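[1] One predicted model, sequence on top.
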Amino acid sequence: MKMPPFEYACPTSLSEAVKLLASHDGEAKALAGGQSLLPMMAFRVAQPTLLVDLRKLSGLGEIKISADGVRLGALVRWRDIEDDDRLDAAHPLLKAAIAHVAHYQIRNRGTVGGSIAHADPAAEMPGIAVACDAEIAVMGKAGARIIKAADFFLGALTTALQPDEIITEVRLPAWPASRRSGFQEFARRRGDFAMAGAALFYDLDKSGKASNAHVGVIGVGDRPRRLKPVEAVLNGSAIDEATIAKAAAAASAAVEPQEDIHASAAYRRSLTGTMVERALKSAAG
Amino acid sequence: MPVKFEVNGKPVSVDVEPRLTLADCLRHHLRLTGTHVGCEHGVCGACTVLVDGDAVRSCLMLAVQAEGAKVVTVEGLSNDDDLTPLQKSFRKHHALQCGFCTPGFITTAHALLTEEPDCDADRVREVLSGNICRCTGYIAIVEAVLDARSAYKKTTP
Ligand SMILES: Cc1cc2nc3c(=O)[nH]c(=O)nc-3n(C[C@H](O)[C@H](O)[C@H](O)COP(=O)(O)OP(=O)(O)OC[C@H]3O[C@@H](n4cnc5c(N)ncnc54)[C@H](O)[C@@H]3O)c2cc1C
Ligand code: FES
Ligand code: FES
């Protein structure tokens, strides 16, 4: 469908962009890659009166890697992550997850900040942010603030972001070289949104037992979340077949999936266990 | 709003509403109807064009966002005298029937082969997974793209 009319602005500074977003009684929206917002507008799910194009804002398109971890500028595209070989070591879980995001043409435009702000419950980037305890840096009328990923996603397409706030950066904590991780998702067609997915990692202590386990799931429930009961199964145990089976069962028990045209709740519950099982096997292997 | 960009090597300037997609701008304002519009919400890939070398869905981009960009449409990937190697390969392998999806496959495959002339069948399938064809069953399209790789290898330095 054709989009309804709206105004368009393409500011060159962050402060100007924030001012524009604050100017339309909450009816203005940021435009990044447009790969979620424009379809939403075509469907009349979103009807902003002003689009504030972020493409001319400088400094938001960089991937910075340091001892503190990985910082993804809000305008970093899926394609940029895919092409950055440094991330194979600096954040293998991110790299593995982003390989599943959307299709070739969409990856050339879709951005990290757009995905975080859009907050689709099945999207990979929000899942990685929650699984990895990321911090989300935002700038608004009231100034800059940092929001923890765990506090950011409030429900399907609903976040802690104020209408005048722009995401500037997503910060992923440092990744030790010896860390084990796995990402698995199931979608009918490669690039489509997952029916269920798991993003997880753990560290191994000297005796070969897991510690610091983080297990995140996407596509089940109204937002990405960590599964503490599964993490409890993993922490202090060797990741062998028995532990993996216990963790998979705990994952199925811990989620409360929704039913929709793509899958029943029972199917998603079972699929979550399978995704956790496969992710643990790939992490251990 | 006035917008200036380049299409198939020629500068164009149009005056459009912000809500006009690049796809509709190309088709209705610039009369380049080779770019097809199937779904208008990013799922079918028929509207794929190249923007600064990247394959993108022109239904998910506003014309005003193309300001200053170099756009190449399927018209820009043909030449008047003869079929290009990619077009020849589509013909040889019967990679089209009704042809509605074909501009999207040609532009996408061109972007892929330009960047990755050595891609394997899995990569071709992965990249083409974003394009829908209701006629061919895809196998012929994958074969056509694989067969066209040699033409792109020669042109890369
Ligand atoms: C067919 C199809 C399949 C897809 N499959 C997947 C998939 O499998 N997994 C997946 O994760 N995604 C998928 N996507 C979505 C895609 O990844 C989007 O690119 C992404 O969700 C949004 O990024 P964007 O840059 O395009 O944001 P936009 O569409 O520009 O914006 C999305 C929302 O975020 C807001 N926003 C954007 N940037 C900022 C910012 N910096 N600060 C504050 N607010 C901001 C906008 O106002 C809007 O509300 C798919 C899309 C399509 C069309
Ligand atoms: S018309 Fe653009 S993807 Fe279908
Ligand atoms: S040839 Fe008819 S849709 Fe592909």
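    Done, it's in. Ligands and ions are numbered 1, 2, ... in the order given.
[2] Could you count how many residues lie near A:Ile147?
    By the measure other CB atoms under 10 Å in any protein chain shown, the count of residues near A:Ile147 is 19. Bear in mind the C-beta positions are built from the backbone N, C-alpha and C, glycine included.
[3] State the distance from it to A:Ala122.
    To A:Ala122, A:Ile147 is 21 Å away according to CB to CB, to the nearest Å.
[4] Then B:Val74?
    The gap separating B:Val74 from A:Ala122 is 32 Å, by CB to CB.
[5] Which one of those two is surrounded by more residues?
    Shown here are B:Val74 and A:Ala122; by other CB under 10 Å, B:Val74 has more neighbours (23 against 20).
[6] So what does the more buried one have for phi and psi?
    Note on B:Val74: its backbone torsions stand at phi -60, psi -30 [degrees, to the nearest 10].
[7] pretty sure it contacts B:Cys101?
    No - counting by CB atoms under 8 Å, B:Cys101 is not a contact partner of B:Val74; they are 11.3 Å apart.
[8] B:Leu77: what's its closest spatial neighbour, skipping adjacent residues?
    Leaving aside its sequence neighbours, B:Leu77 sits nearest to B:His110 (CB to CB, 6 or more residues apart in numbering or on different chains; 5.5 Å).
[9] Name the SS class of that neighbour, please.
    Classification of B:His110 by DSSP: H, G, I helix; E, B strand; the rest coil places it in helix.
[10] interface residues of chain B facing ligand 3?
    Residues of chain B lying close to ligand 3 by CB under 6 Å from any ligand atom are B:96-101, B:133-136.
[11] Buried subset of these as a ChimeraX selection?
    Restricted to buried positions by 16 or more other CB atoms under 10 Å in any protein chain shown, the ChimeraX selection for the residues of chain B next to ligand 3 reads:
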select /B:96,100,101,133,136
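[12] For A:Glu62, state which of the residues of chain B next to ligand 3 is nearest.
    For the residues of chain B next to ligand 3, the residue nearest A:Glu62 by CB to CB is B:Cys101; the value is 36.4 Å.
[13] Please determine how far that closest one is located from B:Asn131.
    6 Å.
[14] cool, A:Leu93 as well?
    29 Å.
[15] show me where the chain has helices.
    I went with chain A, as the question did not name one. Counting by DSSP state H, residue ranges of the helices within chain A are A:14-22, A:37-42, A:78-83, A:87-90, A:92-98, A:104-107, A:112-118, A:124-131, A:149-152, A:228-234, A:241-254, A:265-284.
[16] please go with chain B instead
    If DSSP H is used as the criterion, the helices of chain B fall at B:22-24, B:85-92, B:102-115, B:121-128, B:139-155.
[17] Looking at the ones you listed, which one is packed in the most?
    Of the helices of chain B, the one with the most neighbours on average (mean count of other CB atoms under 10 Å in any protein chain shown) is helix B:22-24, at a mean of 26.
[18] for it, what is the average pLDDT?
    For helix B:22-24, mean pLDDT is 98.
[19] next one: stretch B:42-61
    98.
[20] does any part of that stretch sit near chain A?
    Yes - on the criterion CB under 8 Å from any CB of the partner chain, stretch B:42-61 is in touch with chain A at B:42, B:45, B:48, B:54-57, B:59-61.
[21] Any residues of chain B in contact with chain A? List them.
    B:1, B:17-19, B:21, B:24, B:40-42, B:45, B:48, B:54-57, B:59-62, B:64-65, B:67, B:108, B:111-112, B:126-131.
[22] sorry, back to before: pull up the overlap in contacts between B:Cys101 and B:Asn131.
    B:44-46 (CB atoms under 8 Å, 6 or more residues apart in numbering or on different chains).
[23] Look up the pLDDT of the residue in chain A that chain B sits nearest to for me, please.
    Closest contact between chain A and chain B, by CB to the nearest CB, is at A:His103 (2.6 Å). The confidence metric pLDDT takes the value 96 at A:His103.
[24] What is the neighbour count of it?
    Neighbour tally, A:His103, other CB under 10 Å: 27.
[25] Could you check how far the spatially closest residue to B:Leu86 that is not a sequence neighbour is from ligand 3?
    Nearest non-adjacent residue to B:Leu86, counting by CB to CB, 6+ apart: B:Ala148, 4.6 Å away. Here the criterion is CB to the nearest ligand atom, to the nearest Å. By it, B:Ala148 lies 17 Å from ligand 3.
[26] List the residues that contact the residue nearest the centre of chain B.
    For chain B, the residue whose C-alpha lies nearest the mean C-alpha position (CA atoms, centre = their mean) is B:Thr107; its distance is 2.4 Å. Listed by CB under 8 Å, 6+ apart, the contact set of B:Thr107 reads B:48-50, B:55, B:72-74, B:77.
[27] interface residues of chain B facing ligand 2?
    So far as CB under 6 Å from any ligand atom goes, chain B lies against ligand 2 at B:37-40, B:42-47, B:57, B:59.
[28] Return the member of these nearest to ligand 1.
    Minimum distance to ligand 1 across the residues of chain B next to ligand 2 is 3.1 Å, recorded for B:Gly42 (CB to the nearest ligand atom).
[29] Let me see the contact set for that closest one.
    A:35, A:38-39, A:106, B:57, B:59-60.
[30] Which of those sits closest to ligand 1?
    Taking CB to the nearest ligand atom as the measure, ligand 1 lies nearest A:Gln35 of those, at 3.2 Å.
[31] Any idea how many residues pack against the closest one?
    By the criterion of other CB under 10 Å, A:Gln35 has 27 neighbours.
[32] repeat for A:Phe153
    Neighbour count for A:Phe153, taken as other CB under 10 Å: 25.
[33] right, and it touches A:Arg223 too?
    Yes - contact criterion CB under 8 Å: A:Phe153 and A:Arg223 qualify, at 4.1 Å.
[34] what does chain A put close to ligand 1?
    Proximity of chain A to ligand 1, by CB under 6 Å from any ligand atom, involves residues A:29-37, A:39, A:54, A:74, A:101-102, A:106, A:110-111, A:113-115, A:117-118, A:123-125, A:161, A:166-167, A:191-193.
[35] what residues go with each domain of the chain?
    Using chain A here. As assigned by automatic domain parsing, chain A contains the domains A:7-53, A:63-173, A:181-284.
[36] I was thinking of chain B, sorry if that wasn't clear
    Split by automatic domain parsing, chain B gives B:2-77, B:85-155.
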